[in-house]
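*Asks:* Provide a 3D model corresponding to the input given below.
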Amino acid sequence: MKALRNVLTKLLNVLAGVSFIAMVVLTCWQVFTRYVLQDPSPWSEELVSYLFAWASLLGASLITGERGHMNIPIVVERVGAGMQKTLGILGELVAFAFSAIILVYGGVQISQLALGQMTSSLGIAVGVFYVVLPLCGVLNMIYTVLNIADICKNGTETKQEGA
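*Replies:* The predicted structure follows:
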């Protein structure tokens, strides 16, 4: 399981990094075309906004893998170790359900719906860019299962070491 977590984390780090580098390059291109060439590049601005959404969702999946998502530690710290483990598992189950219902199911629905719409500047179906929703939903679900296994095995640590 640790090997799967490490592979997913490395892959997400690379994808998020490539997305960030592409955003920087495209933003520099926008500035160059707008102020130097006096002919703004509308396609690059649109692509940057989609890449930003992808990078944000991929980053959210990375956080899920590290168990760094929102929590209220003051409540959990006031109960015993057994209850902490139970609350940790409950939190992961809620994240799993959210990922399954909102990101995977809802993401598939919106992606299919948006396949008929084209982006204004790129001329690509909008649904292609929405594919990140179910993709990150599946990644989150995998991570939450791995997190539950780690909680059952190791306890209630909030962040994964070496992830």
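*Asks:* Tell me the buried residues in the helix or strand of the chain at the bottom of the mean pLDDT ranking?
*Replies:* Counting by mean pLDDT, DSSP states H and E, the chain has its least confident helix or strand at helix 73-76, which shows a mean of 81. Within helix 73-76, the residues that count as buried by 16 or more other CB atoms under 10 Å are V76. Glycine gets a C-beta too; all of them are placed from N, C-alpha and C.
*Asks:* chain center to it, what's the gap?
*Replies:* Offset of helix 73-76 from its chain centre (CA atoms, centre = their mean, to the nearest Å): 25 Å.
*Asks:* what packs against it?
*Replies:* On a contact count with 3 or more CB pairs under 8 Å, 6 or more residues apart in numbering; DSSP states H and E, helix 73-76 meets helix 81-98.
*Asks:* For the helix or strand following the helix it packs on, which helices and strands make contact with it?
*Replies:* Once helix 81-98 ends, the next helix or strand along the chain (criterion: DSSP states H and E) is helix 107-114. Under the contact definition 3+ CB pairs under 8 Å, 6+ apart, helix 107-114 sits against helix 126-130, helix 132-154.
*Asks:* can you give me how far the first one is from the chain middle?
*Replies:* Translated: helix 126-130. The answer for helix 126-130 is 15 Å, by CA atoms, centre = their mean.
*Asks:* What is that helix packed up against?
*Replies:* With contacts taken as 3+ CB pairs under 8 Å, 6+ apart, helix 126-130 sits against helix 42-65, helix 107-114.
*Asks:* out of these, deepest packed?
*Replies:* Highest mean neighbour count among these (mean count of other CB atoms under 10 Å): helix 42-65, with a mean of 18.
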